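Participant: sequence unavailable; structure follows:
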């Protein structure tokens, strides 16, 4: 949600800010703006509605805005409709705030997140003579900083600390004070913020890709932490105003990893990267020993003794990560003989259920900053329940706060619709299932399962080789209005993710159902030409799911089926069949999801939609 960039150094700031914001477009936004200072001169603020390119054109690529210190922002409307007035940056002065120009204001700032008590704070400010030009909570926040800065005649860090203890909600905040040229001040609660260290220059961003072109040495701001940033230097503080020592972390991604690399869209690039990143993740945790291949999750801190002591597992996540949990539930319960519940983080955090004290709560998140998942993690920890995080971003909030952590090696994922991060999360859950099964004495074919996992990357390549058929089918069905995905067991979990991919980027209404539930109401929606996609990868459920598909066909549905090589008799029943290589059926979701990712992608392309930045969505959901 939203994007923040900042720069202090010896270069012109505006081009750097614009370039950084372009790397954050995937997060979703409806307006953009920047504020730049040239020495002691007042800030120049430029804001535009719509695409970032409007801001680029308005500033001639940043050339018309001079100065070496600045902040930039892409906004996703939370308070107030999308407009130039509501766009960031916001200022503390009583001006219109609607356009470009020099701003005679003590404080200029940008903000990600939501201030929950902004109405209460706004009333306080109005009683103290402040006037408001926008409908945003951010303007309230900036003016509250200004209020404490003047009332107590204190420095920026103390004014920020005084402000933040009054604020309820989440924030990543970057501000400039007119009395402190060449400096940016930052604060963070819940919403992510990183600071990049360069030679004689310092960068601020809400995500790594924004600054990866300039530096790979970054500091991850902790919760309730502030920072003072100047050229080549950063000092961190806690809310008491005490300095906090912090060491930078080296980002291992190459800058090219966040580029399209010749592909038309990031999504198709990331679909094709799945074999590599899955293999990287497997190699990270599967070690060659004298006794053969062994899964080593020791970096998580989980011991066999602890694993044997867990009585049950809760898997908590949002969106596609929740679908990973749904699929892993079947594998864990069958291989490990342990009860598993899969919970939506946004529901789990508000439930009054009593968590079993000897359970394990597994939090799955690509960014490691997902607001509802982070809140669920903290709730579990407050209740004394052990937690394990599966995340893709090093040193992210969920990674730091969980008792145990496994990292995926998906690399930067830019497209809003996740593909490769989902696949790596699934692999981690498969690895975890095998480790649990072995530690609990339930594993008889350990070597077989490890070999099957290692075969997945090459089999993914074979699935991708069939993409032209998927593209042809997508072009034929691009006018579909409703699509139903059905399957049983693991196949049902695959359908959940396939349906989400479809609706996310093609805007076609799609639903996923356990196949046996279709006749309990939903089959009434089937009419001539309705597309029904069935996943049929589980041998013991194949005939039952096929029978449910035939019930749909008899009511006019057009059938597409996904199954394994060798089950060619399916062509006697469905209109279009897709085949995937055989793999142990516990792990078949890693292969069966790829045709569904491709189908969603090619349908979106056929409809001329913005694949990487679908409407109303954001990559990292850091607010409730």
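Facilitator: Arrived safely, thanks for sending. Predicted model only: the values in this text are computed from it and were never measured.
Participant: next SSE downstream of the helix or strand of the chain with the lowest mean pLDDT?
Facilitator: Sorting the helices and strands of the chain by mean pLDDT, DSSP states H and E puts strand 101-103 at the bottom, at a mean of 62. Following strand 101-103 in sequence order, the next helix or strand is strand 107-112 (DSSP states H and E).
Participant: could you give the mean pLDDT of that next one?
Facilitator: Strand 107-112 comes out with an average pLDDT of 92.
Participant: buried residues in it?
Facilitator: For strand 107-112, the neighbour count (16 or more other Cβ atoms under 10 Å) marks 107-112 as buried. In short, each C-beta sits where N, CA and C put it, glycine included.
Participant: other residues contacting it?
Facilitator: 1-4, 33, 35, 43, 45, 71-73, 88-92, 137-138, 141-143, 145-146, 149, 170-178, 191, 206, 622 (Cβ atoms under 8 Å, 6 or more residues apart in numbering).
Participant: and with 7 Å instead?
Facilitator: With Cβ atoms under 7 Å, 6 or more residues apart in numbering as the test, strand 107-112 has contacts from 1-2, 4, 35, 43, 45, 71, 73, 88-92, 138, 141-142, 145-146, 149, 171-177, 191, 206, 622.
Participant: pick out the most distant pair among the buried residues of strand 107-112.
Facilitator: Within the buried residues of strand 107-112, 107 and 112 form the most distant pair, 17.1 Å apart (Cβ to Cβ).
Participant: any idea which helix or strand carries residue 604?
Facilitator: Using DSSP H and E, residue 604 falls within helix 589-606.
Participant: now the nearest residue to residue 447 once chain neighbours are set aside: phi and psi?
Facilitator: Spatial nearest neighbour of residue 447, chain neighbours left out: residue 292 (6.2 Å); criterion: Cβ to Cβ, 6 or more residues apart in numbering. With angles defined as degrees, to the nearest 10, residue 292 sits at phi 110, psi -170.
Participant: residue 292: neighbour count?
Facilitator: Using other Cβ atoms under 10 Å, residue 292 has 11 other residues around it.
Participant: do residue 308 as well
Facilitator: Residue 308, neighbours per other Cβ under 10 Å, totals 11.
Participant: same question for residue 400.
Facilitator: Using other Cβ under 10 Å, residue 400 is surrounded by 15 other residues.
Participant: and what of residue 82?
Facilitator: Neighbours around residue 82, by other Cβ under 10 Å: 14.
Participant: that one: what secondary structure?
Facilitator: Using DSSP: H, G, I helix; E, B strand; the rest coil, the structure places residue 82 in coil.
Participant: okay, it and residue 125: tell me how far apart.
Facilitator: According to Cβ to Cβ, to the nearest Å, residue 82 and residue 125 sit 24 Å apart.
Participant: could you pull out the helices for the stretch 151-300 of the chain?
Facilitator: Assigned by DSSP state H, counting those that start in this stretch, the stretch 151-300 of the chain shows helices spanning 156-164, 266-272, 274-285.
Participant: list the helices and strands the shortest one packs on?
Facilitator: By that I understand helix 266-272. On a contact count with 3 or more Cβ pairs under 7 Å, 6 or more residues apart in numbering; DSSP states H and E, helix 266-272 meets helix 589-606.
Participant: what about 10 Å?
Facilitator: With contacts taken as 3 or more Cβ pairs under 10 Å, 6 or more residues apart in numbering; DSSP states H and E, helix 266-272 sits against helix 420-439, helix 446-464, helix 467-476, helix 490-506, helix 589-606.
Participant: ok, the last one next?
Facilitator: Counting by 3+ Cβ pairs under 10 Å, 6+ apart, the packing neighbours recorded for helix 274-285 are strand 292-295, strand 404-407, helix 420-439, helix 446-464, helix 589-606.
Participant: remind me which residues of this structure are low pLDDT?
Facilitator: 1, 26-28, 77, 94-104, 253-258, 618-624 (pLDDT under 70).
Participant: ok, 50 please
Facilitator: Scanning the chain for pLDDT under 50 picks out the ranges 97.
Participant: ok, back up a step: is it true that the residue nearest to residue 447 touches residue 450?
Facilitator: Yes. At 8.1 Å, residue 292 and residue 450 qualify as touching, with contact defined as Cβ atoms under 10 Å.
Participant: nearest to residue 583, out of the helices of the stretch 151-300 of the chain?
Facilitator: Closest of the helices of the stretch 151-300 of the chain to residue 583 is helix 274-285, at 12.2 Å (criterion: Cβ to Cβ).
Participant: got the angle between the closest one and helix 420-439?
Facilitator: Taking axes from the mean of the first three to the mean of the last three Cα atoms, to 10 degrees, one finds helix 274-285 and helix 420-439 inclined to each other by 40 degrees.
Participant: how about helix 274-285: buried residues?
Facilitator: Neighbour counts over helix 274-285 (16+ other Cβ under 10 Å) mark 274-282, 284-285 as buried.
Participant: one more: stretch 535-542?
Facilitator: Using 16+ other Cβ under 10 Å as the test for burial, stretch 535-542 gives 535-538, 541-542.
Participant: also stretch 154-161?
Facilitator: Neighbour-count burial for stretch 154-161, counted by 16+ other Cβ under 10 Å, picks out 155-161.
Participant: export the helices and strands packed on helix 274-285 as JSON lines, with columns for distance to residue 509.
Facilitator: Below are the helices and strands packed on helix 274-285 laid out as JSON lines (distance: least, Cβ to Cβ, whole Å):
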{"stretch": "strand 292-295", "distance to residue 509": "41"}
{"stretch": "strand 404-407", "distance to residue 509": "35"}
{"stretch": "helix 420-439", "distance to residue 509": "22"}
{"stretch": "helix 446-464", "distance to residue 509": "26"}
{"stretch": "helix 589-606", "distance to residue 509": "12"}
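Participant: residue 239: which of those is closest?
Facilitator: For the helices and strands packed on helix 274-285, proximity to residue 239 was assessed by Cβ to Cβ; strand 404-407 is nearest, at 25.7 Å.
Participant: report all helices and strands that the closest one contacts.
Facilitator: helix 274-285, strand 360-365, strand 386-391, helix 397-401, helix 420-439.
Participant: now residue 541. Nearest residue, chain neighbours left out?
Facilitator: Distance criterion Cβ to Cβ, 6+ apart; nearest residue to residue 541, sequence neighbours excluded, is residue 488 at 4.3 Å.
Participant: which residues are in contact with the one you found?
Facilitator: By Cβ atoms under 10 Å, 6 or more residues apart in numbering, the residues touching residue 488 are 495, 514-517, 534-536, 538, 540-542, 544-545, 548.
Participant: mind checking which of those residues are in strands?
Facilitator: Among the contacts of residue 488, the members found in strands (DSSP state E) are 514, 534-536.
Participant: out of the residues you listed, which comes closest to residue 39?
Facilitator: Among the ones in strands among the contacts of residue 488, residue 535 lies closest to residue 39 (Cβ to Cβ), at 62.3 Å.
Participant: for the closest one, list each beta-bridge partner.
Facilitator: Using DSSP bridges, the bridge partners assigned to residue 535 are residue 562.
Participant: and it, how far from residue 59?
Facilitator: Using Cβ to Cβ, residue 535 is found at 50 Å from residue 59.
Participant: what are the ranges of the strands in the stretch 201-350 of the chain?
Facilitator: Using DSSP state E, counting those that start in this stretch, the strands of the stretch 201-350 of the chain run over 202-205, 217-220, 225-230, 233-238, 243-244, 249-250, 286-289, 292-295, 313-317, 340-344.
Participant: okay, now the sheet partners of the first one, with direction.
Facilitator: Pointing back at strand 202-205 there. strand 3-8 (antiparallel), strand 194-197 (antiparallel).
Participant: same check, this time on the fifth one
Facilitator: Looking at strand 243-244 with DSSP bridges, its partner strands are strand 233-238 (antiparallel).
Participant: return the set of buried residues in the strand it pairs with.
Facilitator: Across strand 233-238, burial judged by 16+ other Cβ under 10 Å covers 234, 236-237.
Participant: and those as TSV, adding distance to residue 409?
Facilitator: Formatted as TSV, these follow (distance: Cβ to Cβ, whole Å):
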residue	distance to residue 409
234	28
236	28
237	33
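Participant: let me know the closest of those residues to residue 332.
Facilitator: Of the buried residues of strand 233-238, the one sitting nearest to residue 332 (Cβ to Cβ) turns out to be residue 236, at 40.0 Å.
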